[in-house]
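# below are the sequence and a predicted model; questions follow.
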Amino acid sequence: MTLVMALDVSRSMLAQDVPPSRIEAAKDAAKAFIRELPPQVRVGIVSFAGSAQLAQQVTDQREDLLAAIDRFELQRGTATGSGLLLALSTLMPDAGIQLESALYGSSFGNYSAPGGARPLGSAAAAPSSKPPPVPVGSYTAGAIILLSDGRRTTGPDPMDAARQAADLGVRVHTVAFGTPEGFIPGMEAYSFYARVDEETLQAVAKATGGEFFRAQNAQDLANIYAKLSSRVAMETRDTEVSVLMGLAALLLVVSSLGLSMVWLRRG
């Protein structure tokens, strides 16, 4: 199984309603979650603020994942839809997701440099075929976990990204992190409340067949990750059992065919 974690690194994560701060509590919980996952589960990490970045490509190397989380840097803005789209593209790189046009507009890549050269990922590249929609939540080889503490301020609509995930059968589990009293005093000569957009996160989870969680403190977040870790372990075991049963059934069929051929030759 593969998980992609999309984590909010906007400046609202500086709020100290979750001590020592939202970002430090979120980093500690994410690292603990990764350590507890079954070793065969692969993980990728996406961070998002005003834009989205692939912090760590999918890997089973836990130390690389932990180091990626330690490298997080807070930025302005909250592009929740960008984070979700990049996570979806990371989970299913061959699904035909038009990432550049969704994030940067339909004209991205149309510029032709002298001599006819085009930038990487331009419209001149061969178009990817989009697979037909599948039942919601039917993709069992992976999922996305998206944590955010604020409201989208830029980038594509998270619900558009959620619909793409739903069409691919990918479940998106969402975590609303922080309290209604989240407050950042005196940052850049002004103060503001950092409120969580629970409604959108609930809608994203519902649209994709995922689960919505609310975490107002570090223990809440640890409990949520523990629940998700247990669920991933169970799903991984179920998948392995299904594969083994399939192999056993195939061996029985092959054995039956072999015995039939022996009896036919004797007859």
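Right, received. Where do you want to start? Everything quoted here is computed from the prediction, not taken from an experiment. Numbering: from 1, shown residues only.

# strands along the stretch 101-250 of the chain, start to end?
Listed in chain order, the strands of the stretch 101-250 of the chain (DSSP state E, counting those that start in this stretch) span 142-148, 172-177, 183-187, 190-193, 212-215.

# mean pLDDT for the ones you listed: which is lowest?
Within the strands of the stretch 101-250 of the chain, confidence is poorest for strand 190-193, with a mean of 53 (mean pLDDT).

# which of the strands of the stretch 101-250 of the chain sits closest to Thr59?
strand 142-148 (13.6 Å; C-beta to C-beta). For the C-beta atoms, the positions are set from N, CA and C on the backbone; glycine is no exception.

# for Pro38, see how far away the spatially closest residue to Thr174 that is not a sequence neighbour is.
Ranked by C-beta to C-beta, 6 or more residues apart in numbering and with sequence neighbours excluded, the top spatial neighbour of Thr174 is Leu201, at 4.0 Å. In this structure, Leu201 lies at 26 Å from Pro38, with C-beta to C-beta, to the nearest Å as the measure.

# swap in Ser82?
Between Ser82 and Pro38 the computed distance is 30 Å (C-beta to C-beta).

# burial count for Asp167?
By the criterion of other C-beta atoms under 10 Å, Asp167 has 17 neighbours.

# distance check, it against Ala161.
For Asp167, the distance to Ala161 - C-beta to C-beta - is 11 Å.

# try Gln16
30 Å.

# ok, now Leu66?
When C-beta to C-beta is applied, the distance between Leu66 and Ala161 equals 27 Å.

# who has more neighbours, these two?
Ala161 (30 against 17).

# and the closest residue to that one other than its chain neighbours, how many neighbours?
What sits nearest to Ala161 in space, not counting adjacent residues and going by C-beta to C-beta, 6+ apart, is Leu84, at 4.0 Å. The local packing count at Leu84 equals 32, with neighbours defined by other C-beta under 10 Å.

# thinking again about what came up before, Pro93 is nearest to which of the strands of the stretch 101-250 of the chain?
Across the strands of the stretch 101-250 of the chain, the minimum distance to Pro93, taken as C-beta to C-beta, is reached by strand 142-148, at 11.6 Å.

# the closest one vs strand 172-177, what angle?
Our comparison of strand 142-148 with strand 172-177, counting by axes from the mean of the first three to the mean of the last three C-alpha atoms, to 10 degrees, yields an angle of 20 degrees.

# who's in contact with Ala205?
The neighbourhood of Ala205, defined by C-beta atoms under 8 Å, 6 or more residues apart in numbering, consists of Val172, His173, Thr174, Glu211, Phe212.

# what's the neighbour count on Gln16?
Close neighbours of Gln16, defined as other C-beta under 10 Å, add up to 14.

# scratch that, Arg35
Counted with other C-beta under 10 Å, residues neighbouring Arg35 total 11.

# burial count for the closest residue to it other than its chain neighbours?
Counting by C-beta to C-beta, 6+ apart, the nearest residue to Arg35 once its immediate chain neighbours are dropped is Arg62, at 6.5 Å. Other residues near Arg62 number 14, with proximity taken as other C-beta under 10 Å.

# can you map out the helices along the stretch 51-200 of the chain?
Under the criterion DSSP state H, counting those that start in this stretch, the stretch 51-200 of the chain contains helices at 62-70, 80-91, 99-104, 158-167, 198-208.

# nearest to Ala141, of these?
Minimum separation from Ala141 across the helices of the stretch 51-200 of the chain (C-beta to C-beta) falls at helix 80-91, 8.8 Å.

# quick one: average pLDDT of the closest one?
For helix 80-91, the per-residue pLDDT values average out at 97.

# adjust the sequence numbering to begin at 8 for everything that follows.
Shifting the count to begin at 8 puts that one at helix 87-98.

# export that helix to CSV, keeping only CA atoms.
These are the backbone C-alpha positions of helix 87-98, laid out as CSV (Å, rounded to 0.1, in the frame of the first residue of the first chain):
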residue,chain,number,x,y,z
THR,A,87,-5.3,23.3,-0.4
GLY,A,88,-6.4,22.3,-3.9
SER,A,89,-2.9,22.4,-5.2
GLY,A,90,-1.7,20.2,-2.3
LEU,A,91,-4.4,17.7,-3.0
LEU,A,92,-3.8,17.6,-6.7
LEU,A,93,-0.1,17.1,-6.3
ALA,A,94,-0.7,14.4,-3.7
LEU,A,95,-3.1,12.6,-6.2
SER,A,96,-0.6,12.9,-9.0
THR,A,97,2.1,11.5,-6.7
LEU,A,98,0.0,8.6,-5.7
